[in-house]
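J.: 3D, please:
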Amino acid sequence: MADVRVEPYREITFDADGDVNTRQRERLAELDVTDLVMFAHGWNSNRSVATRMYDRFYAPFPGLLAGSPGVRLGYAGIVWPSMRFADEPIPDFDRSATTAYPGPGLDQHTRQALAEVFPGRERIVERLAELLDERPEEQAAFDEFGRLVGQLTGRTTAATTTTTTVHASDTDADSEEELPHDEPMMLHDDTLTVCQGFAVALAETGAEPATRSLALGGGLKKAWNGAKELLRQATYYEMKRRAGTVGRRGLGPLIGQLARSSPSTRVHLVGHSQGARLVAFALRRLPDGVRNVKSVTLLQGAFSHYAFAERLPYAPRGGGALRGMERRVDGPVVACYSRHDTALGVIYPLASRLAGDSSGLAGLGNKWGAMGYDGIKAVPNTPALTLAKALRDGVPGSGCVNVDAAAVVRRGGAPTGAHSDILHAELAGVVVAAGRMVG
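T.: This is a model prediction of the structure:
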């Protein structure tokens, strides 16, 4: 595992329930710094990949702060138990870190990661891998695949549909009330139909050859192209909940403890993908009166663009799960987004619809869009800046801010596109600007 070369650097580890490594927490509190940047990796990163990303992302900061002698900057890398599919490309990383998109099969690294994230279910993982390799042209095989995905993730399937109650803090764009919420519809609907939908979406990203015939009897092998995506998105759904849990139960209280132990330290939160969700949901559990969070920068945030909305356009009586949370930040909440992110622009809306609604596909980008694709929505007076303008003129000192980062976040192969193309000095510059670290 690569070391993070900036100093002083601390790693802070949370488990799936948000419990923190207490010794690491103590070492973090001992830092003698004026400002502390805390970065949370996305769901598709193991510890080694996350550490390498932190090293690359943090590298420009000393140079960016060269003209600010009064700033003593500390760095933290948040490590939380997520899941890595090894086929998702990370620009500028060599093939030892990621592999090319191999089609519907499960590589050994991904099998191992699934077994680690879902302990005790190794046989299920192996059977899923067998089906993806064999690609049987039978409806029954897809039914079995759907049942196994449900068993792997601990979710119900079409054969055993139940309704559960989920607190809205575990969703992106619901009110804060407790409300009935079905388990992911992708596990209730006909598995073949779901896989066909994902196969078409993958063709849009360039991951698979486009096909117009996925009907029963004519495209069953091609439908297996979408079966792996069903597995990926069902796993994603679990990691989405986990990111929210770690943010609310782990990071939020930790920041409150830092406010007591290091009251003069200014905290700057940064998150990528579902790590953006993690740091954003930490705001929900900041103790009353805590004002040490001076900026939040969300890089390709893999959660609803309506998360901060006071009123949801499609449900005016409801608000986003993070409505008003920007007011807990003594500075701006900056969402960096890119139209080149096909993971969030194509796959995310479909997967979100399949997770929570069985209506048609029309208007997916509106209701089910991700802020990493088109920014924060339905928050009045949210400015939209180009990356060049944000770096030249800075960003507003409070409230939500959108920054179109497509000028640099533009590289990456199918199926995720530029989702992980975040290792740019310009984005480090946005963090510095958001945190007002340079006078």
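J.: residue contacts, the residue nearest to Gln300 when sequence neighbours are not counted?
T.: Distances taken as C-beta to C-beta, 6 or more residues apart in numbering put Gly372 closest to Gln300, at 3.7 Å, once the chain neighbours are dropped. All C-beta atoms are positioned from the backbone trio N, CA, C, and that covers glycine. Contacts for Gly372 (C-beta atoms under 8 Å, 6 or more residues apart in numbering) come out as 273, 276, 298-302, 335-338, 341, 344, 419.
J.: what about Ala433, how many neighbours?
T.: Per other C-beta atoms under 10 Å, the neighbour tally for Ala433 reads 23.
J.: do Pro383 as well
T.: Neighbour number of Pro383 under other C-beta under 10 Å is 14.
J.: Enumerate every residue touching it.
T.: Residues counted as contacts of Pro383 (C-beta under 8 Å, 6+ apart) are Pro396, Val401, Asn402.
J.: Check it and give its pLDDT.
T.: Pro383 is assigned 98 on the pLDDT scale.
J.: To which secondary structure element type does Gly397 belong?
T.: coil (DSSP: H, G, I helix; E, B strand; the rest coil).
J.: I meant Val200, not that one.
T.: helix.
J.: Please determine how far it is located from Glu229.
T.: 10 Å (C-beta to C-beta, to the nearest Å).
J.: Name the residue in those two with the higher neighbour count.
T.: Each of Val200 and Glu229 has its neighbours counted (other C-beta under 10 Å); Glu229 has more, 26 against 21.
J.: Distance check, the more buried one against Ala223.
T.: Counting by C-beta to C-beta, the gap between Glu229 and Ala223 amounts to 11 Å.
J.: sorry, back to before: out of the contacts of Pro383, grab the one that's most surrounded.
T.: Ranking those using other C-beta under 10 Å puts Val401 first, with 27 neighbours.
J.: Would you double-check that that one falls in a helix?
T.: No. Read with three-state DSSP, Val401 is strand and lies in no helix.
J.: wouldn't it be in contact with Ala335 here?
T.: Yes. Contact criterion C-beta atoms under 8 Å: Val401 and Ala335 qualify, at 7.2 Å.
J.: circling back to that earlier point, among the contacts of Gly372, name the ones in strands.
T.: Counting by DSSP state E, the part of the contacts of Gly372 found in strands is Leu298, Leu299, Ala335, Cys336, Tyr337.
J.: hang on, the second one packs against Leu269?
T.: No. In this structure, Leu299 sits apart from Leu269 without contact. The criterion is C-beta under 8 Å, and the distance is 11.1 Å.
J.: Can you name the residues that contact the closest residue to Gly369 other than its chain neighbours?
T.: Closest residue in space to Gly369, ignoring its immediate chain neighbours: His305 at 4.7 Å, by C-beta to C-beta, 6+ apart. Shown in contact with His305 (C-beta under 8 Å, 6+ apart): Gly369, Ala370, Met371, Tyr373, Asp374, Gly375, Ile376, Lys377, Ala378.
J.: Farthest pair within these?
T.: The span of the contacts of His305, defined through C-beta to C-beta, is set by Tyr373 and Ala378 at 15.0 Å.
J.: Contacts only, for the residue nearest the centre of the chain.
T.: Residue closest to the mean C-alpha point of the chain, counted by C-alpha atoms, centre = their mean, is Gln274 at 1.7 Å. Listed by C-beta under 8 Å, 6+ apart, the contact set of Gln274 reads Gly42, Trp43, Ser82, Tyr236, Met239, Lys240, Ala243, Ala302, Phe303.
J.: Sort out for me which of these are in helices.
T.: Members of the contacts of Gln274 lying in helices (criterion: DSSP state H): Tyr236, Met239, Lys240, Ala243.
J.: Pretty sure the last one sits against Gly275.
T.: Yes. In terms of C-beta under 8 Å, Ala243 counts as a neighbour of Gly275; the distance is 7.0 Å.
J.: Overlap of the contact sets of those two?
T.: The contact sets of Ala243 and Gly275 overlap at Trp43, Trp80 (C-beta under 8 Å, 6+ apart).
J.: Could you break the protein into its assigned domains?
T.: What automatic domain parsing lists as the domains of the chain is 9-84+240-339+374-434, 108-238.
J.: Output those domains as TSV; include the columns distance to Pro349.
T.: Putting these into TSV (distance: least, C-beta to C-beta, whole Å) gives the following:
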stretch	distance to Pro349
domain 9-84+240-339+374-434	10
domain 108-238	9
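J.: Quick check: which of these is buried the most?
T.: Neighbour counts (mean count of other C-beta atoms under 10 Å) averaged over each of the domains of the chain peak at domain 9-84+240-339+374-434, with a mean of 21.
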